[in-house]
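1. 3D model of this:
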Amino acid sequence: MATAQKLKQVHVINHPMIQHKLTIMRQKDTSTGKFRQLLREISMLLGYEVMRDLPMTTQKIQTPVCEMEAPVLSDKEMVFVSIMRAGQGILDGMLRLVPSACVGHIGLYREPKTLVAVEYYFKVPKDIKERDAIVLDPMLATGHSAVAAIDRLKETHPKNIKFVALLCSPEGIEYFHEYHPDVPIYTAAIDQKLNEKGYIVPGLGDAGDRLFGTA
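-> Down below sits the predicted model:
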């Protein structure tokens, strides 16, 4: 059972537009193109909440009417870290919000029998110590890939880390926060459970296959 402290680190963003779009994504007959479009749209909506606490300052600007001190972001130094390959679907939406953000990639695959994450690629900005990292992966299922990604990312010492997933399982959240209780999770839904194959139930199938049409 998750502790109260761990539950505080899970933010379920249940905005009606997110939930409506997620329902369409769950349907097995939703096309690849539509699935891709919806994931991009939901990612933008999630991004508003994930970045709600970005620090602000002001700068002097000239409007058509007068001069004013206007609010602007005080620190744009962030990096979106996509867990390949399915993280690309969330990355596209996030970059529409912050096109100036740097991008990192972590390549992981689940070993079919053990479900353990195996790394095959890692690339992040050299100045990541000066940046806030937002890690992106559509599914937090067993949690193995997410934990492995955060383990690896922490070796580079970013300023802080947040994790964004479209869907989570209770088991995945529990496993993730056993290893990384300091990293908050942002998600659109916490589903019922994992099945015997490590898929989220009811879920939406394999996000990568549905995103890239490789099912």
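2. just the CA atoms of stretch 132-149, as PDB, please.
-> C-alpha atoms of stretch 132-149 as PDB (Å, rounded to 0.1, in the frame of the first residue of the first chain):
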ATOM      1  CA  ASP A 132      14.900  21.200 -14.800                       C
ATOM      2  CA  ALA A 133      14.200  17.800 -16.300                       C
ATOM      3  CA  ILE A 134      10.700  16.600 -17.300                       C
ATOM      4  CA  VAL A 135      10.800  12.900 -18.200                       C
ATOM      5  CA  LEU A 136       8.100  11.700 -20.700                       C
ATOM      6  CA  ASP A 137       6.700   8.200 -21.200                       C
ATOM      7  CA  PRO A 138       3.000   7.400 -22.000                       C
ATOM      8  CA  MET A 139       2.700   4.300 -19.800                       C
ATOM      9  CA  LEU A 140       3.900   3.700 -16.200                       C
ATOM     10  CA  ALA A 141       3.200   0.000 -16.100                       C
ATOM     11  CA  THR A 142       5.600  -2.200 -14.100                       C
ATOM     12  CA  GLY A 143       7.700   0.900 -13.400                       C
ATOM     13  CA  HIS A 144      11.000  -0.800 -14.400                       C
ATOM     14  CA  SER A 145      11.700   1.400 -17.400                       C
ATOM     15  CA  ALA A 146      10.800   4.600 -15.500                       C
ATOM     16  CA  VAL A 147      13.000   3.700 -12.500                       C
ATOM     17  CA  ALA A 148      15.900   2.800 -14.800                       C
ATOM     18  CA  ALA A 149      15.500   6.100 -16.700                       C
END
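3. in that stretch, which residues are buried?
-> Within stretch 132-149, the residues that count as buried by 16 or more other C-beta atoms under 10 Å are 132-149. All C-beta atoms are positioned from the backbone trio N, CA, C, and that covers glycine.
4. swap in stretch 35-54?
-> By neighbour count on 16+ other C-beta under 10 Å, the buried set for stretch 35-54 is 35-47, 50-51.
5. kindly export it (C-alpha atoms) in PDB.
-> Provided in PDB are the C-alpha atoms of stretch 35-54 (Å, rounded to 0.1, in the frame of the first residue of the first chain):
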ATOM      1  CA  PHE A  35      -4.100   8.300 -31.700                       C
ATOM      2  CA  ARG A  36      -1.000  10.300 -32.500                       C
ATOM      3  CA  GLN A  37      -3.000  13.600 -32.700                       C
ATOM      4  CA  LEU A  38      -4.800  12.900 -29.400                       C
ATOM      5  CA  LEU A  39      -1.600  12.100 -27.600                       C
ATOM      6  CA  ARG A  40      -0.100  15.300 -28.800                       C
ATOM      7  CA  GLU A  41      -3.200  17.300 -27.700                       C
ATOM      8  CA  ILE A  42      -3.400  15.600 -24.300                       C
ATOM      9  CA  SER A  43       0.400  16.200 -23.800                       C
ATOM     10  CA  MET A  44      -0.100  19.900 -24.300                       C
ATOM     11  CA  LEU A  45      -2.900  20.000 -21.700                       C
ATOM     12  CA  LEU A  46      -0.800  18.000 -19.200                       C
ATOM     13  CA  GLY A  47       2.100  20.300 -19.800                       C
ATOM     14  CA  TYR A  48       0.100  23.300 -18.600                       C
ATOM     15  CA  GLU A  49      -0.300  21.600 -15.200                       C
ATOM     16  CA  VAL A  50       3.200  20.100 -15.100                       C
ATOM     17  CA  MET A  51       4.700  23.600 -15.600                       C
ATOM     18  CA  ARG A  52       2.300  25.400 -13.400                       C
ATOM     19  CA  ASP A  53       5.000  26.200 -10.800                       C
ATOM     20  CA  LEU A  54       7.500  27.700 -13.200                       C
END
